[in-house]
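Participant: I need the structure of the sequence given here:
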Amino acid sequence: MSVISRSSAPARSAQRIRLPAARDAVVAAVAFALTLGMLAHGSGATRSFDALGVVLAVIACGPLLAHRRWPLGVFAVCTGASATIEGLGYSLGPPLGPTAALFYLAADRRTPDRMGQTVATVVALGAIHVGVAATVRAGSPTIPILGAIIIWGGAWIIGDQVRQRRQRIADRRERAERSERETARERRLAVAEERNRIARDLHDSAAHAINVILVQAGGARLVQDRDPAAVRTALSTIEGLARETIDEIDRLIRGLRANGDNDGDADGAAIELPTGLASADSLAARYRDAGLAVNVYTDGGVRPLAPALDQAAYRILQESLTNAARHGTGRADVHIGYADAHLELLVSNPIALPRDGRHNGSGYGILGMRERAGLLGGRLDAGAGRREFCVHARLPYQPFQTAAP
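Facilitator: Below you'll find the model as predicted:
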């Protein structure tokens, strides 16, 4: 099946190329045949049909084969040859070659980009053609003028309508593809958010279990000589809680792995739980996979951080990127600065929505980040400008530096 698919794709592409060329050849051939018929059997001619007329008919209709590359040039050549036929006195009815070339010119998608040059060329060549026809033919020039307005005006209007229809179809196709890309991006973001939620649940479950175990173990140590029954009760509680925690961790890890498999990872690797800013690149890569273009910049010499500071900085970065993915326009810039006395985090992302209550830094996620920074003796500012939302955190090293012995 794969061999058939690979071989049929070039065939379909070649077929798409041949069909327009075949249509152009048919149009050029029909216009040439009708032009020859009018030259040979028309009335009112002052010059008989000869080889020169055949050559001029070829020049008036043959360039139609190249209208896809040079629509304006093709119209100029066809119109010039048709005007020459009129000027030499051949019998000629409606100028079929120039009319078809004008239709192709109006239907070309590049015409609106050079409308001034196109209109000037069409008006000038049309005036020359009508002037030659009016000069050669006896009687009032009204008929050639009206004929040119009706025939060429109709060809232009029809071609322009065809071009607009093609543009509408292309716009609808582009909107559909953009909608599909946005849907896929939202799906990837939802998977990333679910992974983060499971990771938070894992952290909360383990932290709760450890706190309870610490309390029970401390109580058992204090009463181990006086109340053996209380010690047994505490140990039983610790054992039961440990088993429940292990089951909970197993369940959450299975959920993480299942999300990793459903996300389309080719290697099916398990998700590595973050530990701090050392995992900033991994976090950025995860959001890139979800459709957010993340750029990470580091200033100053990287230094080891206290666990609480390291974890808080990571959580602030994680929450900022989550907000950028939800409310931004697909890009976020992260600056991590290691100053002499403090760690500095700056996360900025462009926003599409106007500034309102949802973007003034008063959301629950922003409040949580401020609380983390405040507990470490630092500060965090967040808010939206006209086109950008910024989170700026300054977290001091000093409260966590180990004193010299």
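Participant: how much space separates residue 382 from residue 372?
Facilitator: Note on residue 382: its distance to residue 372, by CB to CB, to the nearest Å, is 12 Å. Where C-beta positions appear, they are placed from N, C-alpha and C, glycine not excepted.
Participant: the more surrounded of these two?
Facilitator: The neighbour count for residue 382 versus residue 372, taken as other CB atoms under 10 Å, is higher for residue 382 (24 against 21).
Participant: and the more buried one, how far from residue 296?
Facilitator: 19 Å.
Participant: kindly report the same for residue 75.
Facilitator: 55 Å.
Participant: neighbour count for the two, which is higher?
Facilitator: residue 75 (28 against 16).
Participant: identify the residue nearest the geometric centre of this structure.
Facilitator: residue 178 (6.4 Å; CA atoms, centre = their mean).
Participant: give me phi/psi at it?
Facilitator: phi -60, psi -40 (degrees, to the nearest 10).
Participant: number the residues from 2 up from this point.
Facilitator: Renumbered: residue one is now 2, and that last one reads residue 179.
Participant: domain parsing for this structure?
Facilitator: 3-139, 276-406 (automatic domain parsing).
Participant: what's in contact with stretch 148-166?
Facilitator: Defining contact as CB atoms under 8 Å, 6 or more residues apart in numbering, one finds that stretch 148-166 is touched by 95-96, 99-101, 103-110, 112, 123, 127, 130-131, 134.
Participant: among the residues you listed, which are in helices?
Facilitator: Judged by DSSP state H, helices contain the following of these: 99-101, 103-108, 123, 127, 130-131, 134.
Participant: of these, the lowest pLDDT goes to which?
Facilitator: Note: of these, the lowest pLDDT belongs to residue 134, at 78.
Participant: what is the burial count for it?
Facilitator: Residue 134: 22 neighbours (other CB under 10 Å).
Participant: could you check how far it is from residue 193?
Facilitator: Distance from residue 134 to residue 193, by CB to CB: 71 Å.
Participant: equivalent analysis for residue 344, please.
Facilitator: Distance from residue 344 to residue 193, by CB to CB: 25 Å.
Participant: and residue 133, by the same measure?
Facilitator: Taken as CB to CB, the span from residue 133 to residue 193 is 71 Å.
Participant: secondary structure element holding residue 168?
Facilitator: helix 143-224 (DSSP states H and E).
Participant: how far off centre is that helix?
Facilitator: The chain centre lies 9 Å from the centre of helix 143-224; the measure is CA atoms, centre = their mean, to the nearest Å.
Participant: and if you look at stretch 332-348?
Facilitator: For stretch 332-348, the distance to the chain centre is 29 Å (CA atoms, centre = their mean).
Participant: what's the answer for stretch 305-318, then?
Facilitator: Centroid separation for stretch 305-318 versus its chain: 34 Å, with CA atoms, centre = their mean.
Participant: could you give the mean pLDDT of that stretch?
Facilitator: Mean pLDDT, stretch 305-318: 85.
Participant: show me the contact partners of that stretch.
Facilitator: Here stretch 305-318 has contacts from 275-281, 284, 335, 344, 346, 348, 370, 373-374, 376-377, 381, 392, 394, 396, 398, 401-402, using CB under 8 Å, 6+ apart.
Participant: tell me which of these fall in strands.
Facilitator: 335, 344, 346, 348, 381, 392, 394, 396 (DSSP state E).
Participant: count the neighbours of the second one for me.
Facilitator: It stands for residue 344. 23.
Participant: which residues touch it?
Facilitator: 306, 310, 314, 337-338, 395-398.
Participant: what do you get for the last one?
Facilitator: With contact taken as CB under 8 Å, 6+ apart, residue 396 is in contact with 310, 313-314, 343-346, 374, 377-379.
Participant: if we use 10 Å, what do you get?
Facilitator: Counting by CB atoms under 10 Å, 6 or more residues apart in numbering, residue 396 makes contact with 306-307, 309-311, 313-314, 317, 343-346, 373-374, 377-381.
Participant: buried residues, stretch 332-342. List them.
Facilitator: 333-335, 337, 339 (16 or more other CB atoms under 10 Å).
Participant: and of the contacts of residue 344, the nearest to residue 229?
Facilitator: Nearest to residue 229 among the contacts of residue 344 is residue 310, at 42.6 Å by CB to CB.
Participant: next, count neighbours for the closest one.
Facilitator: 23.
Participant: what strand or helix carries it?
Facilitator: helix 308-328.
Participant: next, the buried residues of that helix.
Facilitator: Buried positions in helix 308-328, judged by neighbour count with 16+ other CB under 10 Å: 310-326, 328.
Participant: now stretch 39-56
Facilitator: By neighbour count with 16+ other CB under 10 Å, stretch 39-56 contains the buried residues 39-40, 46, 50, 54.
Participant: how long is it end to end?
Facilitator: One end of stretch 39-56 sits 14 Å from the other (CA to CA, to the nearest Å).
Participant: now the helices for the stretch 2-151 of the chain?
Facilitator: Using DSSP state H, counting those that start in this stretch, the helices of the stretch 2-151 of the chain run over 3-42, 52-62, 72-88, 97-108, 116-137, 143-224.
Participant: how close does the residue nearest to the centre of the chain sit to residue 83?
Facilitator: From residue 179 to residue 83 the distance is 45 Å (CB to CB).
Participant: with residue 327 instead?
Facilitator: 63 Å.
Participant: low-confidence ranges in the stretch 302-406 of the chain?
Facilitator: For the stretch 302-406 of the chain, the stretches with pLDDT under 70 are 354-365, 400-406.
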